[in-house]
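Enquirer: quick one, what's the 3D model for this:
(4 chains, ligands or ions: 4)
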Amino acid sequence: MSTDRYSIFSLLRETLRGHTGWKPAWRSPEPKPHYDVVIVGGGGHGLATAHYLAKTYGVRNVAVLEKGWIGGGNVGRNTTIVRSNYLLPGNIPFYEHSMKLWEGLEQDLNYNAMVSQRGILNLFHSDGQRDAYARRGNAMRMHGVDAELVDAPELKRILPMLDFDNARFPIKGALRQKRAGTVRHDAVAWGYARSADGFGVDIIQNCEVTGFRIEDGRIEGVETSRGFVGASKVGLACAGNSSRVAAMAGLRLPIESHALQAFVSEGIKPFIDTVCTFGAGHFYVSQSDKGGLVFGGDIDGYNSYAQRGNLPTVEDVLESGMAVMPAIGRVKLLRSWGGIMDMSMDGSPIIDTTPVEGLYLNAGWCYGGFKATPASGDSFAHLIAKDAPHPVATAYRLDRFATGRTIDEKGVGAQPNLH
Amino acid sequence: MPEPLIARSALRAHVAPASAPGSAPGARLREVQDVLVATVAAFKGREDELAAAVRERYGLDLPAGPVRAAAGASAFIGAGPGKWLFVSSDPSADPSGLPAAVVDQSDGRTTLSLSGPAAREILSTLVSIDLHPRAFGPGAAAATHASGVAVHLWQVDDAPTYEIAVFRSYAATLWRWIAHAGAARGIDAAL
Amino acid sequence: MSQSHRLPAGGLVDRAKRLSFSFDGKTLEGHAGDTLASALVANGVKLVGRSFKYHRPRGLVSAGAEEPNGLVELRTGARREPNVKATTAELYDGLTAQSQNRWPSLAFDLMAVNQLAAPMFTAGFYYKTFMWPAAFWEKLYEPLIRRAAGLGSLSGEADPDEYEKATVHCDVLVIGSGPAGLAAALAAGRSGARVVLAEEDFALGGRLLAERLTVGGVPAAQWAAQAEAELAALPDVTLLKRTAVFGVYDDGVYGAIEKVADHLPVPAPHQPRQRYWRIVAKRTVLAAGAIERPIAFGNNDRPGVMAAGAVRSYLNRFGAAPGRRAVVFANNDDAARTVADLAAAGCEVAAVVDARGDATALQAAAKAAGATLLFGGQVVEALGRGAVAGARIASAKGGTLDVPCDLIAVSGGWNPSVQLSSHHGARPRWDDRLAAFLPGQAPAGMAVAGAASGAFGLAQCLAEGAQAGRAAAEAAGFSGGGFDRPDVEPEPEEVYGAGPWRVSGSKAKAFVDFQNDVSVKDVELAAREGFVSVEHLKRYTTLGMATDQGKTGNVLGLAIMAEVTGRTIPQTGSTLARSPFAPVALGALGGAHRGKEYRPTRLPPSHFFAEEQGAVFVETGQWMRAAYFPQAGEKDWFESMVREVTTVRTKVGVYDASTLGKIDVQGPDAGAFLDRVYTSAFSKMPVGKARYGLALREDGFVLDDGTIARLAEGHYYLTTSTAHAAQMMRHLEFCRQWLFPELDVHLASITDQWAKYAIAGPRARDVVAALVDEGNDVSNEGLPFLGVKELTVCGGVKARLFRLSFSGELAYELAVPARYGDAMIRAIVKAGEPFGICPYGAEALAVMRIEKGHAAGPEINGQTTAGDLGMTGLLSTKKDFVGRTLATRDGLVDPNRPTLVGLRPVDRTARLRAGAHLVKRGVQPVAANDEGYVTSAAYSPSNGHWIALALLSRGPERMGEIVRVFDPVRDGDVECEVVSPCFVDPEGARLRA
Amino acid sequence: MRIACPYCGARGVDEFSYLGDATVVRPDPAAETALADFVDYVHTRENPFGRHRELWQHASGCQSWLVVTRDTRTHAIEAVEVAKDVALARGEAK
Ligand SMILES: Cc1cc2nc3c(=O)[nH]c(=O)nc-3n(C[C@H](O)[C@H](O)[C@H](O)COP(=O)(O)OP(=O)(O)OC[C@H]3O[C@@H](n4cnc5c(N)ncnc54)[C@H](O)[C@@H]3O)c2cc1C
Ligand SMILES: NC(=O)c1ccc[n+]([C@@H]2O[C@H](COP(=O)([O-])OP(=O)(O)OC[C@H]3O[C@@H](n4cnc5c(N)ncnc54)[C@H](O)[C@@H]3O)[C@@H](O)[C@H]2O)c1
Ligand SMILES: Cc1cc2nc3c(=O)[nH]c(=O)nc-3n(C[C@H](O)[C@H](O)[C@H](O)COP(=O)(O)O)c2cc1C
Ligand SMILES: [Zn+2]
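Expert: Numbering: from 1, shown residues only, chains lettered A, B, ... in the order given. Ligands and ions are numbered 1, 2, ... in the order given. Below you'll find the model as predicted:
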């Protein structure tokens, strides 16, 4: 168990010792025969669930099973944006809960995940878009979340490199959430892992869940590439892979797996100090602590498990990027990659029980689940520990498609590739 | 009595600027004026009847694939299974009597002609289908897009000359984009 | 200092062409054929940059695209380009370059104090600190970290250059033009296949340009030139020089960037700076060569420590000496060439250190060069502060000796450039004999040849390349491409030493990844802290994440991790290369269509007329629509809008409604088809009639609305909203082809075919009557409300006349073929003059439809049901239609759902805005009390105050109630009365008049 | 990715628009279980890891809807059929 406390003092102490005294951030234990709770998936949500189970809900006989290396899924390949600028009442309280947990994360984990509240600006280009953002901003404000409308002159002051003069779709202003920002993605996985490990949670890598043992409709444990692991309760947090894993338990989900690409440029000196999203095409950008412009756009739009995409999306993203920010023309793309996400039928997530007793589902995060990591972990831990939904996550039920109480922020309907 | 209405092209100099090449033109861009254009779709079970009517009236066989079958002033260009684009420079060739769903598009499409040794290279900056002579020669046709603008194009001769039918409201944009791609290659674009 | 290090003769530079350039303000000279790097070498410049984290002085390590250190800012002003590799920047006259990441100057960099704190700045140190106090992160720590990060900087100005995209299809794509690539291209090209040869460099030949070898009896570079000439003469071979293939996509699609004008001071007029190629290839030969590895020893990053093969490139290709007195340190025989070439160039070889126990080629070379040879020895540390001044060498027996030198040429073996072969996710596999990662399962259609596949001998490269080229052409259906391998000098059977990867015995930092300052100690720390997976190692230390993507250092880092954790290299694994292979300017991927040309602009038929009238335009999707037509004396849109609305409501106005989607529906089953896609029945609607139609998505929410007119028995004409036109066409085709394929019905978009004008207002009939040709009855009886007629206007122009009204006035929609659209609106205005007509724009239209309570885009937003919009009555109960079943779900028929109402401010002077939320009077405006929101708001000239449409929970039951309209983001908070959504002529008398 | 439209030939994926699973069939609206059937039809997906039959439209080409059989792990396309033909055949099979 790693008990080192990180601080400037431990760092100085170790500097003097040539850094020979640091312990592993988490152990590499062998799986035990039985756990109270097994979490499938060592991504952000799985690891956060383990942390909150142990820390908040006192459930410590827990294992997180990860088929590869922790953080190798979407938590390690997203564009790091955190925000709570949602529109619908089913979503806002949940994402705001997440935002608040982000704000205290470093102290909670004793790990600097570089939560950077650099703000987000969603550009608008027409009166109609402005009003739609006003509707959203007002909804946020009524939930006690910060939001403001920024007009064009003010926006020009904040982001002088935008194309205000020659744009096909004139930039008329932006919806701004100042408390939004970015978080160092890998550090989120590592910080939660280290903390959970500190509470005794077993983090087991290279351990793929290949089946479920279910008796009389009740979960008994999981089959894995490293043998059977018994469990009283099993929580699925395998973003992107949820359909496959759920199918092993006989469940069919309202989910399709789609690839989203992301991009990073070479490192440059500070260029943009906030997150900015284009409103007339698919492009959003922020700058990483290493100096790279981290940006992305729309999903590729067809079912995929290949963790990569194709050129039309790349072109679309950069056409849009050049349209809104022509000053980026001469910085170079360094790397691109893809992640596989659960695109749900209404674009909103699912945190719910399942028809199998003791089997819990956390899925459907689409391209927006990184920001949800703390609240998702907390809510899922709550559900698993107490068999009751967390108050901020009551809308994320599986039966909402049957009842018609879907949470469709974009209003595109049951077409996952359009969310 | 109101004055008779004058027909006007979708292109005007300020939205579709003309340009003259420095020396030898790499390509020539023009609007093809006064053509009849129509979409023709075969009714169920009446495909043969349509084929016969076309043979009878225009002296050509309806093509089965994406090619242009021409006879005299008129041509049928494959547009999809059981669908054709009819194009004719003969004002009396009106296809509306054919036993098919015929829709006049003479005003819905603007047709451009791009011709000359640089035409292929210019087009390949906008269109991503294979235009190499081995893959696409006179008579070949394709429905595709030019940087996001839907086009239906076919090759007329070996100059090479391409004709490009575009929805009228997009014509000025397409013109500018072709002219822009042609600028470094010597384009003569005149309305 | 004029080219102090240029050799007296030799090389491929054009000594007759002198080019002047400046580096950090200092003017220097080079030759045509130089890169910026070779010109710097020729001028004896060693210090070219500062490292990322510690600001250590850095010099050139390589002569190619893998360069980690020699990054500069090229050009000035808006054309400034950060992080340009000096090794790939082609020299041109007047080139200006600045070094990066230093202050105030490269030689005297104050930031180098970071080196003092370096012991603390280990991998991941920031995760462990900067947490207290929490608020200091954004204010203090993070800005500091960010300012320190990044190398070059952007100008902040719009990129002034143009870019272009192009597509090329081929049978065989050959990537790389070294011996393997040239052989492949010749073999394939001679068969008649369409071949594209892409080479990143400005000259073809790859290593042939860098070695003193002969091929087919002539100097290698000359052979390459001959090959190039033959290829250029083949009609279907396309040579793309200065073109780097950056990515491999599905089904033989490759992305490449051609640097069209980067070697010019500025691009010629209309010339793109770079061209982005989409290459569609049936087969591909990857012949990307190999990259030499460093060895980690103390201060192995000092300027003057250089890859042994790069030393040969500078000597042989560029005629420039990277040093005068060299120590060569290697674990393989290839470096023997460096020893020989140095000697041949007149440089002194002070010592040859062969890390292996014994070897032959190196020994012979050392002897010939007169150098001391140390078997089993190792360079422990590079000596010297700003640049290499010597090498500390540990002999196999244990002693050390310091050898003065200004160049340490290092070869730690070669890494085949397998990157592109793994773009589809297959990891490379380790080969023990070659001590290298070779391509794994290459993407479909790709073969790898030459050094990229581990063929390190020249003869082998030529043979493999030819074989791969021939096979590729054959697979694409071509045969007969012959290529007889030319003779080459015999090469010794080489011995590849796996290691040493790192040399111990120095206190100084030993670097693995130069650019990101990842040292051996960082790898060790990562292992200690449990970051033992290569992927964790990468992310924790940033190994391989810099602009060179680990091309030089990655394998070294993995090997050290393997050693530290006691695993083999294959057990340790490798990370994955991804697109782009080499960094690509974002502008190039953006292409030609920038600024106003970002997306096409659709112009409706009245555009030119509207322009002449001085209209102000507004973007509506891709359309440009006239928003309003200002007249003299009107100071803003508001005044114009009020006048236009008032004119329509009291006289008559004309509006271009051509942007609405229009679809022609024909066929025996047209009516049945429409019955299934719209909520109400159209099969029974008489010919000559039109009706409002509502379409649902299958999930029961409203998709779109429009009008459907029946022109003939099996012939309908329908309109969609402007915004949903493409989506509706797609949906209808889906229903037609997939859901109901048995129906005989045909669709054609006729949006662009017809210009369509709404003529609205009490005098509309007078105007229409003046336009239609004789014999056409447009009286209320002749053409009643919702009637449709095909007729002629203005002397024989065929037209369609619809008695439809969006404004709520007596109105017609007159459609004529688009070519007459321009003349038509002029004729309408002329005919309307006696009645006081005015053209009106989108603003006035929007106001009038709000006054009438017609749902539009803000209400039909994908989240509303027919019930929400007060249109439950349109849902037929007698037939099935798309969306019918799911529209009955509880959540969609919940009586608490917000439903369409009108709002009228209690204080009639108050302004209303769309987006404001609704709460009951007297309650807290918090989420729990949120009852809906304003969808559309407008100043109503007809009512003399602002009005709004809103979705309010149980709205229709609450007529007369006062609600609070809360708009905190715009400081709005007013009270409104809930009223009917129709503010003008609720009985509809006017439109039937 | 390139899709071989049976009519137009192989074209870049940018010419096509995607709808998803082609194995779900619009249920009988008159069935007693219609509501549940439609909920399932509209929302529930097999989402296979591997072979997937899916609907695409050649939107920038001939407008044909197509049934494409594609491997979701590799994007490799095994077959492309005209959707209308598939739908008619399915209708006849019923
Ligand atoms: C390119 C990209 C950009 C994004 N940008 C943002 C953003 O800016 N903001 C934002 O909020 N969200 C963003 N997202 C979405 C966000 O990353 C995801 O929604 C979120 O990370 C999903 O939760 P997770 O972290 O638990 O997933 P993951 O990290 O994917 O975790 C799931 C884990 O389950 C494991 N697993 C799967 N199957 C099994 C099995 N059978 N046995 C054992 N383990 C298994 C996987 O290996 C994986 O590690 C982005 C996503 C992508 C791909
Ligand atoms: N003796 C040794 O240990 C050893 C090791 C490696 C190489 N070599 C020698 O090097 C030569 C290798 O020949 P080769 O033909 O395989 O390679 P090469 O290195 O001669 O040529 C590769 C070419 O590919 C280009 N290239 C690389 N990636 C590219 C991309 N993505 N797009 C466009 N161009 C790209 C490079 O610029 C280079 O010109 C042989 O002469 C061989 O003997 C020797
Ligand atoms: C926010 C963010 C920033 C990144 N910055 C870099 C970077 O500076 N250099 C780099 O090589 N990769 C960077 N990456 C990409 C990773 O190298 C890697 O591509 C990504 O984590 C996906 O993993 P994979 O490519 O191994 O599948 C970044 C990734 C993320 C999510
Ligand atoms: Zn097609």
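Enquirer: can you pull the contacts of residue B:37?
Expert: Listed by Cβ atoms under 8 Å, 6 or more residues apart in numbering or on different chains, the contact partners of residue B:37 are B:85, B:86, B:87, B:104, B:105, B:106, B:108, B:109, B:111, B:165. Quick note: C-beta positions are derived from backbone N, CA and C, even for glycine.
Enquirer: pull up the pairing partners for whichever strand or helix holds it, direction included.
Expert: According to DSSP states H and E, residue B:37 maps onto strand B:36-42. The pairing partners recorded for strand B:36-42 under DSSP bridges are strand B:83-88 (antiparallel), strand B:100-104 (antiparallel).
Enquirer: make JSON lines out of those strands and add mean neighbour count.
Expert: Shown next, in JSON lines, are the strands paired with strand B:36-42 (neighbours: other Cβ atoms under 10 Å in any protein chain shown):
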{"stretch": "strand B:83-88", "mean neighbour count": "24"}
{"stretch": "strand B:100-104", "mean neighbour count": "24"}
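Enquirer: my read: residue C:675 touches residue C:682, true?
Expert: Yes. Counting by Cβ atoms under 8 Å, residue C:675 does reach residue C:682; the two are 6.0 Å apart.
Enquirer: dump stretch C:502-519 to PDB, keeping only the CA atoms.
Expert: The C-alpha coordinates for stretch C:502-519 follow below in PDB (Å, rounded to 0.1, in the frame of the first residue of the first chain):
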ATOM      1  CA  ARG C 502      23.000   3.100 -21.500                       C
ATOM      2  CA  VAL C 503      26.400   3.700 -20.100                       C
ATOM      3  CA  SER C 504      27.000   4.200 -16.400                       C
ATOM      4  CA  GLY C 505      29.800   5.800 -14.700                       C
ATOM      5  CA  SER C 506      28.900   9.500 -15.100                       C
ATOM      6  CA  LYS C 507      27.100  11.700 -12.700                       C
ATOM      7  CA  ALA C 508      25.900  13.800 -15.600                       C
ATOM      8  CA  LYS C 509      22.400  13.400 -17.000                       C
ATOM      9  CA  ALA C 510      22.100  10.800 -19.700                       C
ATOM     10  CA  PHE C 511      19.300  11.500 -22.200                       C
ATOM     11  CA  VAL C 512      16.900   9.200 -23.800                       C
ATOM     12  CA  ASP C 513      14.400  11.600 -25.300                       C
ATOM     13  CA  PHE C 514      16.300  14.800 -26.100                       C
ATOM     14  CA  GLN C 515      13.500  17.100 -26.900                       C
ATOM     15  CA  ASN C 516      11.400  16.300 -23.800                       C
ATOM     16  CA  ASP C 517      14.500  16.100 -21.600                       C
ATOM     17  CA  VAL C 518      13.700  12.500 -20.500                       C
ATOM     18  CA  SER C 519      16.700  11.000 -18.900                       C
END
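Enquirer: quick one, what contacts residue C:925?
Expert: Counting by Cβ under 8 Å, 6+ apart, residue C:925 has contacts A:142, C:917, C:919, C:964, C:966, C:968, C:973.
Enquirer: the first one: neighbour count?
Expert: Each residue near residue A:142 was counted by other Cβ atoms under 10 Å in any protein chain shown, and the total is 22.
Enquirer: distance of it relative to residue C:948?
Expert: As for residue A:142, its distance to residue C:948 is 18 Å (criterion: Cβ to Cβ, to the nearest Å).
Enquirer: the domain parsing of the chain - what is it?
Expert: Here I'm looking at chain A. Using automatic domain parsing, the domain parsing of chain A gives A:28-84+A:86-103+A:184-255+A:346-418, A:120-182+A:257-342.
Enquirer: wrong chain, I was asking about chain C
Expert: According to automatic domain parsing, the ranges for chain C are C:14-128, C:163-290+C:416-475, C:295-410, C:499-591, C:606-652, C:895-993.
Enquirer: wait, residue C:990 touches residue C:810, no?
Expert: Yes. With contact defined as Cβ under 8 Å, residue C:990 reaches residue C:810; the gap is 5.8 Å.
Enquirer: between those two, point out the one with more neighbours.
Expert: residue C:810 (24 against 19).
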